[in-house]
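>>> Next comes the sequence, and after it the predicted model I'd like to discuss.
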Amino acid sequence: MGLPVVHFEVIGAVPTRLRDYYGSLFQWRFTTGDAASEKVSSPGDYHFMDGSTTGDGSTTGDGTRGINGGIGGGAGFTPRVTFYVGVPDVEEALRKAEALGGRRLMGPEPGSGDFAVGHFADPEGNVIGVAGPSA
């Protein structure tokens, strides 16, 4: 079985404007906090969306769970949309991405521990995230 997509994020220069936009568009509800790293979003400017609920607090129409997400960034952040794949070891996944022709962009962040994130560019330049523990 393949590894699952576990998180997505929308990053931009004005995270509150993006939060309000997507909240109104899709009825998403957010909690505000900090991203795993300041390289992902400015402190206090990351807005988490729990994929188990829609705007009315119920599961999605067919009973499946949505993907958790976040909206963040801040001044100086380049707009982008990224999805994260859950991996057993972030450092190992980044090394494998590089060995297959990708390019490491960030991570693991924070350096090690129970939870870390990393970004890599695939051979075409698309930015993908990996999330999980890191040795």
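Looks like it came in fine.
>>> Which positions within the helix or strand hosting Glu91 qualify as buried?
Using DSSP states H and E, Glu91 falls within helix 90-99. Residues 90-91, 93-94, 97 are the ones in helix 90-99 that count as buried (16 or more other CB atoms under 10 Å). Placement of C-beta: from N, CA and C, glycine included.
>>> so which of the residues you listed comes closest to Val130?
Set against Val130, the nearest of the buried residues of helix 90-99 by CB to CB is Ala93 (4.4 Å).
>>> need the contact list for that closest one.
Each residue near Ala93 by CB atoms under 8 Å, 6 or more residues apart in numbering is listed here: 85, 87, 118, 130, 132.
>>> what residue ranges in this protein score low on pLDDT?
53-65, 112-113 (pLDDT under 70).
>>> Quick check: can you list the domain ranges of it?
Using automatic domain parsing, the domain parsing of the chain gives 7-78, 82-134.
>>> nearest to Met1, of those?
Across the domains of the chain, closest to Met1 is domain 82-134 (CB to CB), at 11.9 Å.
>>> Might you calculate how far that closest one sits from the centre of the chain?
11 Å (CA atoms, centre = their mean, to the nearest Å).
>>> Could you do stretch 8-26 as well?
Counting by CA atoms, centre = their mean, stretch 8-26 comes out at 13 Å from the chain centroid.
>>> Over to stretch 68-86?
Centroid separation between stretch 68-86 and its chain, computed with CA atoms, centre = their mean, is 6 Å.
>>> Start and end of it, how far apart?
12 Å (CA to CA, to the nearest Å).
>>> Kindly report the same for stretch 81-96.
22 Å.
>>> Within its sheet, name the partner strands of the helix or strand hosting Pro108 and how each one runs.
Pro108 belongs to strand 103-109 when assigned by DSSP H and E. When sheet partners are counted by DSSP bridges, strand 103-109 sits next to strand 113-121 (antiparallel).
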